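1. Return a 3D structure for these sequence lines:
(2 chains)
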Amino acid sequence: MEAFFIIATFTVPENFGANPQSMLWLLPLVAAIAIIYKATKLPVITAGKFIKETAVLFGSIIVFIIIAAFTLHVLAWLITG
Amino acid sequence: MTVLRTKEKQVLFSLIVGLLSWLVPGAGHLVLKEKERSIIIFATIVLTFCIGIYIGSIGVINLYGATPWYVVGAQVMNSPMVLVLGRVTAGGAYPVHGWPNEIGQIYTSTAGLLNLLCVVNAVYMAHLRGIEPAEG
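-> Numbers count the residues shown, from 1 in each chain, chains lettered A, B, ... in the order given. Sure thing, here's the model as predicted:
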């Protein structure tokens, strides 16, 4: 019975709006991109190296997004006053 | 003649690996005896796709509606099972709008594009290894 309720949650959209917290949905997506990229790039997969490389790529993407957002914010502030 | 046949087998093997990768994410790498890689790929692609349809409902798979062709194409790259899901949602029984629709579409199409990367990677690995699967 519980399984039906879980499956039913996939038939109704989540109810949330465009607020600052909804930007956190970015994180799982970035993690997925970092994991898949490293899974295809590493010649040999070992747990330690894979986790380390994925974490570095994940951090790099997040830092780049923050820098891009900050730059665009400053640009918008300069143009629109 | 033998060289030609070997080359044909290699192309066929690469095609099969690519097709398997599309049918089930990670299956192509499993054929190539890359067990860890295939488990990581399967878990990540399926989880990303599931997050997408959890946020936006299965209504984000809207193959016959107003969804742009490039989003549909990217979603179909997850697996042919998306086409089956598209038939289920075709009547518009699962309406979804706004932010959940956008995030759901982004997640499902990104999962598809990541699987496309894995398909290309599996075909490339199969090509490098020749016609015989790698020894375990």
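
2. only C-alpha atoms for contact and neighbour calcs from this point on.
-> OK.

3. just the residues of chain B that are near chain A, which are they?
-> B:36-37, B:40-41, B:44-45, B:48, B:53-59, B:94, B:96, B:99-101, B:107, B:114, B:118, B:121 (Cα under 8 Å from any Cα of the partner chain).

4. Can you say which of those residues are buried?
-> By neighbour count, with 16 or more other Cα atoms under 10 Å in any protein chain shown, the residues of chain B next to chain A hold B:36-37, B:41, B:44-45, B:48, B:53-59, B:94, B:96, B:99-101, B:107, B:114, B:118, B:121 as buried.

5. Helices along chain B, start to end?
-> For chain B, applying DSSP state H gives helices covering B:2-23, B:27-31, B:35-56, B:69-76, B:81-88, B:98-129.

6. Stretch B:111-119: which residues count as buried?
-> Neighbour-count burial for stretch B:111-119 [16+ other Cα under 10 Å]: B:111-116, B:118-119.

7. Farthest-apart pair in these, please.
-> B:111 and B:119 (12.3 Å; Cα to Cα).

8. Out of the helices and strands in chain B, which is least certain?
-> helix B:2-23 (a mean of 85; mean pLDDT, DSSP states H and E).

9. Residue A:35: what's its closest spatial neighbour, skipping adjacent residues?
-> residue A:54 (5.7 Å; Cα to Cα, 6 or more residues apart in numbering or on different chains).

10. Does that neighbour touch residue A:32 like I think?
-> No: contact criterion Cα atoms under 8 Å: residue A:54 and residue A:32 do not qualify, at 9.6 Å.

11. Please say which of these two ends up with more neighbours.
-> residue A:32 (23 against 20; other Cα atoms under 10 Å in any protein chain shown).

12. so that one is in which element?
-> Following DSSP states H and E, one finds residue A:32 within helix A:26-41.

13. ok, and what's touching that helix?
-> A:45, A:50, A:53-55, A:57-58, A:61-62, B:37, B:40-41, B:44-45, B:48, B:107, B:114, B:118, B:121 (Cα atoms under 8 Å, 6 or more residues apart in numbering or on different chains).

14. redo that, cut-off 7 Å
-> Residues from elsewhere that reach helix A:26-41 (Cα atoms under 7 Å, 6 or more residues apart in numbering or on different chains): A:54, A:57-58, B:37, B:41, B:44, B:48, B:107, B:114, B:118, B:121.

15. separation between the closest residue to residue B:63 other than its chain neighbours and residue B:61?
-> Using Cα to Cα, 6+ apart and skipping the chain neighbours, the partner closest in space to residue B:63 is residue B:86 (5.5 Å). In this view, residue B:86 and residue B:61 are 6 Å apart by Cα to Cα, to the nearest Å.

16. Looking at the two now, which is surrounded by more residues?
-> More crowded of residue B:86 and residue B:61, by other Cα under 10 Å: residue B:61, with 31 against 20.

17. hang on, that one packs against residue B:87?
-> No: Residue B:61 lies out of contact with residue B:87 (Cα atoms under 7 Å); the separation is 9.2 Å.

18. and the residue nearest to residue A:14 when sequence neighbours are not counted, what does it touch?
-> Nearest residue to residue A:14 in three dimensions, chain neighbours excluded: residue B:55, at 5.1 Å (Cα to Cα, 6+ apart). Residues near residue B:55 by Cα under 7 Å, 6+ apart: A:13-14, B:100, B:104.
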